[in-house]
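1. Sequence and predicted structure below; questions after.
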Amino acid sequence: MGDFQVKAIKSPEDRNRYYQAIISDIHQFEQLLAEGRIEKAQNVIGVEQEICIVDVNGRPNPIAFDILRDIEDPHFTNELALFNVEANGDPMRLGPDTLQKMEKHLLDLMQTGQNAANAHDSHLFLTGVLPTLKYKHLDFSWMTPEKRYQILSNELLRLRGREFQIHIEGVDELYAKLNSVLFEACNTSFQTHLQVNPDTFDETYNWCQMISGPVLAASTNSPLLFGRELWHENRIALFKQSLDTRNYRHPVRKFLPRVSFGLNWLKGGSSTLWKNLVARFPLLLMGEETESVHEDPDQVPNLSSIRLLNGTTYTWNRLCYGVHENQAHIRIECRYIPAGPTVIDEVAILAFWVGLMQGMPEEFRDYEKKIPFKDAKGNFIRAARTGIRSHFNWFGRSVQASDLIEQELIPLAASGLASQGISDHDIQLYLGIINDRVTSGKTGSEWLIQNYRRLRTRYKPSVCNRILVNESLLYQKENKPVHTWEDVKISRYYEQLPFSIIPSIVEDIMNSDVFTINEHASVELARHIMMWNNFHHLVVEDDEKNLTGVFSAKQLEDYVSPAGGQEQIKKLMTKSIITIEPHEPLNKARKVMDQNEIRSLPVLENGILVGIITDSDIDAVS
């Protein structure tokens, strides 16, 4: 979508005119197919590398425009949020050393970006979801101020008719809502492209769907979001919900979400995918111009109208159309692979995916009689939830993901790469990384989960996440595969903390699991809750969860009950509440407590209670 100048649709006439342009594009596409004018080669690959920008403390840094200005490299472009950039790799034709060339190309791009980031005391970081992201980073001011993003966000919100809601349940649970599409900005992907033969598109696309579960299981890298441990690949649920415009007032009807795996195996050719988009999803925006249908017959059409619609719908495996030197081609874009953990990890998963695509087994060509589509879709969802620990339905049998990948799919991928002339050395190198990853069980998500749990025995989530980013950056600079990463040495951080990791602000040590009590509750109930939990205070809220007061142990001691403790605490609580914000330094929190002779401070962000900090919390890190 970033290739096009766009504008909002202001009238039914605008909408219908643009639909006519889309219909014309589909007709022209089908004519190209019928005339055999779309290239049949299927050995060109490409990648899109999405990248996070973090400051010296590992937190998101909204300086994308500064970095892009300093880079002045056409490979780089902006993304939805100001803490992301994207690098588009050069397309490459498969050959003996293509994978090594792609690795070097990506490393060179990362270095180019890092050279620019150095001037801003920042780092480029590869990860599926940045662990240090917080809800506050999704404020509208962090959105890239490009017209296409603002129009897209406004139109999706209009279609939805209410705030976007995220609800993901894993080991922890997350429920949040937002008045824009910026939940989507939490996702950072490594998108792979493979040019395909239009004559065999149906079976190629369906095979691409079939292998999505195993490929995702081998590449999960995004288990943490806002300090919560959720799915092994949170991007799958997060992306779907962040752009979901479905109307739940009609629960009986089946509505396809804008982010989708699909409903069934593809039949009818590649244009069927685009026809389904037109039939199912309303236009969100339109191009500044539509190309004429009366073109030079020798000039291959750009099909900009249907491509723009295609860029505002998000199947995990997407049909793409392009023109190079007046030659049309089509590609399958794989969109579910997360960025990172390192460049060599990404090229290994690229090799695995491309090898599988090129090594499709003969028995799959009769897929409809043997495999329900929901097996492929179910495998994909299971992989997102549980990663390499998943069990899959594969050709009518149940199999452990790691066994399937090691025993069947890696050999299949090796034969597919060999058929394209990839050298034995590169096949062994990159597929060897996948083999070692799955046999050791150490994917990016597994490393993050295990180390996050260990770090949480010492630190609050804010510090844990900074440590994880710091450690990951060190390994990324060395370009070491994730299965070789060692566990975080807690003692190193506990005994000799680097300056960037030392708890220094309120959010680093505050407790976000806050016990609250309703202002209409009885004093007797408050007394028991405080006694059971050894609390010295309770935060008081009204029915709408707004902070209205604090009830302390001192107030309880001074209280003489004329009614057996059934008085509402609203009558006794302290209503003039002293609070602090998460970004405030710890020494300020200590000073405020001392000056006001209190032992705790509710922590508010944008007027909303997000945690509490006590004097003992500060003492523990002093």
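-> Good, I have the coordinates. Numbers count the residues shown, from 1 in each chain.
2. Val438 is in contact with Glu406, correct?
-> Yes - under the contact definition of C-beta atoms under 8 Å, Glu406 touches Val438, with a separation of 5.6 Å. From N, CA and C alone the C-beta is placed, and that goes for glycine too.
3. higher neighbour count, those two?
-> Relative neighbour count places Val438 above the other of Glu406 and Val438, with 25 against 18, counting by other C-beta atoms under 10 Å.
4. Contacts only, for the more buried one.
-> By C-beta atoms under 8 Å, 6 or more residues apart in numbering, the contact set of Val438 is Ala218, Ile388, Ala401, Ser402, Ile405, Glu406.
5. likewise Phe535?
-> So Phe535 contacts Phe515, Ile529, Ala553 (C-beta under 8 Å, 6+ apart).
6. Output those as JSON lines; include the columns pLDDT.
-> Putting the contacts of Phe535 into JSON lines (pLDDT from 0 to 100) gives the following:
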{"residue": "Phe515", "pLDDT": "89"}
{"residue": "Ile529", "pLDDT": "94"}
{"residue": "Ala553", "pLDDT": "86"}
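7. Beyond the worst-scoring helix or strand of the chain on mean pLDDT, next helix or strand please.
-> Ranking every helix and strand in the chain by mean pLDDT, DSSP states H and E puts helix 490-495 at the bottom, with a mean of 70. Once helix 490-495 ends, the next helix or strand along the chain (criterion: DSSP states H and E) is strand 516-518.
8. Pull the contacting residues for the residue lying closest to Ala8 once chain neighbours are set aside.
-> Nearest non-adjacent residue to Ala8, counting by C-beta to C-beta, 6 or more residues apart in numbering: Ile151, 5.1 Å away. By C-beta under 8 Å, 6+ apart, the residues touching Ile151 are Val6, Lys7, Ala8, Leu284, Leu285.
9. low-scoring stretches of this structure, by residue?
-> Applying pLDDT under 70 to the chain picks out residues 1-4, 247-255, 289-295, 368, 493-500, 562-563.
10. go again using 80 as the cut-off
-> Where the chain drops to pLDDT under 80, the residues are 1-5, 246-256, 288-297, 365-369, 491-502, 560-565, 622.
11. Show me the longest strand that occurs in it.
-> For the chain, the strand with the greatest residue count under DSSP state E is strand 44-55.
12. what's that strand packed up against?
-> Applying 3 or more C-beta pairs under 8 Å, 6 or more residues apart in numbering; DSSP states H and E, we find strand 44-55 packed against strand 84-88, strand 92-93, helix 98-118, strand 122-125, strand 190-196, strand 327-334, helix 343-358.
13. could you dump those to CSV with mean neighbour count and distance to Asp70?
-> Converted to CSV, these look like this (neighbours: other C-beta atoms under 10 Å; distance: least, C-beta to C-beta, whole Å):
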stretch, mean neighbour count, distance to Asp70
strand 84-88, 21, 11
strand 92-93, 14, 27
helix 98-118, 19, 4
strand 122-125, 23, 11
strand 190-196, 23, 24
strand 327-334, 20, 29
helix 343-358, 25, 21
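14. Distance to Thr132 added to those, as JSON lines?
-> Shown next, in JSON lines, are these (distance: least, C-beta to C-beta, whole Å):
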{"stretch": "strand 84-88", "distance to Thr132": "14"}
{"stretch": "strand 92-93", "distance to Thr132": "34"}
{"stretch": "helix 98-118", "distance to Thr132": "16"}
{"stretch": "strand 122-125", "distance to Thr132": "10"}
{"stretch": "strand 190-196", "distance to Thr132": "20"}
{"stretch": "strand 327-334", "distance to Thr132": "27"}
{"stretch": "helix 343-358", "distance to Thr132": "20"}
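15. got a list of what the residue nearest in space to the middle of the chain touches?
-> With distances taken as C-alpha atoms, centre = their mean, the residue of the chain nearest its centroid is Asn187 (2.2 Å). Going by C-beta under 8 Å, 6+ apart, Asn187 touches Glu50, Gly128, Val129, Ser222, Arg235, Leu238, Phe239, Ser242.
16. Secondary structure of Lys177: a helix, I assume?
-> No - counting by DSSP: H, G, I helix; E, B strand; the rest coil, Lys177 falls outside a helix, being strand.
17. who's it bridged to?
-> Gln165 (DSSP bridges).
18. Share the number of residues neighbouring it, please.
-> Neighbours of Lys177 (other C-beta under 10 Å): 11.
19. I'd say Leu277 and Gly311 touch.
-> No - the criterion here is C-beta under 8 Å, and Leu277 misses it with Gly311 at 10.4 Å.
20. picking up where we left off before, how far off centre is the very next helix or strand once past the longest strand of the chain?
-> Where DSSP H and E defines the elements, the next helix or strand beyond strand 44-55 is helix 64-71. How far helix 64-71 lies from its chain's middle: 23 Å, per C-alpha atoms, centre = their mean, to the nearest Å.
21. what's the angle from helix 64-71 to helix 98-118?
-> Relative orientation of helix 64-71 versus helix 98-118 (axes from the mean of the first three to the mean of the last three C-alpha atoms, to 10 degrees): 110 degrees.
22. Name the residues of helix 64-71 that are buried.
-> The neighbour-count check on helix 64-71 (16 or more other C-beta atoms under 10 Å) flags Ala64, Asp66, Ile67, Leu68, Asp70, Ile71 as buried.
23. Please identify the one among those residues that lies nearest to Glu79.
-> The nearest member of the buried residues of helix 64-71 to Glu79, counting by C-beta to C-beta, is Ala64 at 7.0 Å.
24. Next, give phi and psi for Val610.
-> With angles defined as degrees, to the nearest 10, Val610 sits at phi -120, psi -10.
25. Likewise for Leu319?
-> The phi and psi values for Leu319, taken as degrees, to the nearest 10, are phi -70, psi 130.
26. For the closest residue to it other than its chain neighbours, pull up the helix or strand it's in.
-> Distances taken as C-beta to C-beta, 6+ apart put Leu273 closest to Leu319, at 4.8 Å, once the chain neighbours are dropped. Using DSSP H and E, Leu273 maps to helix 271-280.
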